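test case, fold it:
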Amino acid sequence: MQLERAKAIAEEVIKRLSPYCQRIEVAGSVRRKKPTVNDVDFVLIPSDLWNLQHEIMGLGQVRISGMKIMRVMAGGTQVDLYFADEKTWATLLLIRTGSAENNIRLCTMAKKKGWHLAAGGGGLFDENGQRTAGDTEASIYEALGLPYQAPWERS
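Numbering: from 1, shown residues only. Have a look, this model is predicted:
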């Protein structure tokens, strides 16, 4: 689908879910401003899980329902909702924004240092297992010695 249609879907989902979220932000190719989008991804921190679940069910047919992700078909569009907390927010937003090539590049840079970038959102960990970055997306780039890239530069 075209980016403008995906953005409209994203705005509607945010409007419906934000009353039940501490934070919610669109991720994936919509955040990267790709002209063509396959699905619409979000990272969110729930504040009212009971009502949030009810509102998600109202979006459309639930395809996957778990502790970390829910996938819903909303009007023929796949909507992926990734659940975070304050500690995992920035890393999960980075990973779920992508692109896949950018994620591979960051993970490869970490591995060359003997570090690990936790795809589940935990952050960037050094060779001793100590979390060295992950409070912000920029902190991960900085710890890896890279200049920060805005989402639309991550293709």
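
burial of Ser18, as a residue count?
Applying other Cβ atoms under 10 Å, we find 15 residues neighbouring Ser18. Using the backbone N, CA and C atoms, a C-beta is placed for each residue, glycine as well.

that should have said Leu106, apologies.
Neighbour count for Leu106, taken as other Cβ under 10 Å: 20.

is it in a helix, a strand, or coil?
helix (DSSP: H, G, I helix; E, B strand; the rest coil).

same check on Ile45?
Ile45 ends up strand, using three-state DSSP.

who does it bridge with?
Arg23 (DSSP bridges).

that one and Tyr20 touch, don't they?
No: in this structure Ile45 lies outside contact range of Tyr20 using Cβ atoms under 8 Å: 10.4 Å.

out of the two, which sits in the more crowded spot?
More crowded of Ile45 and Tyr20, by other Cβ under 10 Å: Tyr20, with 19 against 16.

just the element for the closest residue to Gly28 other than its chain neighbours, please.
Leaving aside its sequence neighbours, Gly28 sits nearest to Asp41 (Cβ to Cβ, 6 or more residues apart in numbering; 3.4 Å). Per DSSP states H and E: Asp41 is located in strand 40-46.

residues of that strand that come out buried?
40-46 (16 or more other Cβ atoms under 10 Å).

also stretch 116-128?
Buried positions in stretch 116-128, judged by neighbour count with 16+ other Cβ under 10 Å: 116-118, 121, 123-125.

what's the answer for stretch 78-97, then?
Counting neighbours by 16+ other Cβ under 10 Å, one finds that the buried residues in stretch 78-97 are 79-84, 88-97.

what's stretch 12-23 in contact with?
Applying Cβ atoms under 8 Å, 6 or more residues apart in numbering, the contact partners of stretch 12-23 are 24, 26, 40, 42-49, 51-52, 55-56, 58-59, 74, 79, 81, 84, 89.

sorry, slip of the keys, the one I care about is stretch 24-36.
1-3, 6-7, 10, 14, 17-18, 37-45, 80, 82, 93, 96-99, 151-152, 154-155.
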